[in-house]
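Colleague: I'd like to go over a predicted model; first the sequence, then the structure.
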Amino acid sequence: MIITIFGASGAIGKLVVKEALTHGDQVVAYVRRADALPENHPNLQVVVGSLDDHRKMEDAITNSDAVISAIGPARLDRRWINPEK
C-alpha cells in the first residue's frame, strides 16, 4: 500500500510513518523542511512543500491508496488555553 502522510515530521506524524514502514507500506511523507524527517528507509519518499502548494500536494497523493493528515499546531501556546494571560 502507498500512504501519503501530511504532517509527517510532527510527533504524531513520525509515529504514523514508523508504523506504516514497519508494516511494509510505501510512505510519501509531506513535510515543510527537508531536514524535518531524519528517518531513512527504502520505502520512504520525502516531499518538501507547503500546504498552499496545491500542485505539489496533488503530485504527492496521485498514486496513493490512502492519505493521512497528522497536521496540527507546531506547539501548544498558553494563550490558546487561557487567552487572559
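Modeller: Received, thanks.

Colleague: Past the lengthiest helix in the chain, which element shows up next along the chain?
Modeller: Scanning the chain for the longest helix, with DSSP state H as the assignment, gives helix 11-23. The C-terminal neighbour of helix 11-23 among helices and strands, as given by DSSP states H and E, is strand 26-31.

Colleague: Contacts for that next one, please.
Modeller: Around strand 26-31, the neighbours that count as contacts under Cβ atoms under 8 Å, 6 or more residues apart in numbering are 1-9, 13, 17, 20-21, 37, 39, 41, 43-49, 57, 60-61, 64. Where you see a C-beta, it was placed from the backbone N, CA and C, and this is true even at glycine.

Colleague: Which among the residues you listed count as buried?
Modeller: Neighbour counting by 16 or more other Cβ atoms under 10 Å classes 2-9, 13, 17, 20-21, 37, 44, 46-47, 49, 57, 60-61, 64 among the contacts of strand 26-31 as buried.

Colleague: So which of those residues are in helices?
Modeller: Among the buried ones among the contacts of strand 26-31, the members falling in helices are 13, 17, 20, 21, 57, 60, 61 (criterion: DSSP H).

Colleague: quick one: which of these is nearest residue 73?
Modeller: residue 13 (12.8 Å; Cβ to Cβ).

Colleague: Was I right to think that closest one contacts residue 5?
Modeller: Yes: here residue 13 reaches residue 5: they are 5.8 Å apart, a contact under Cβ atoms under 8 Å.
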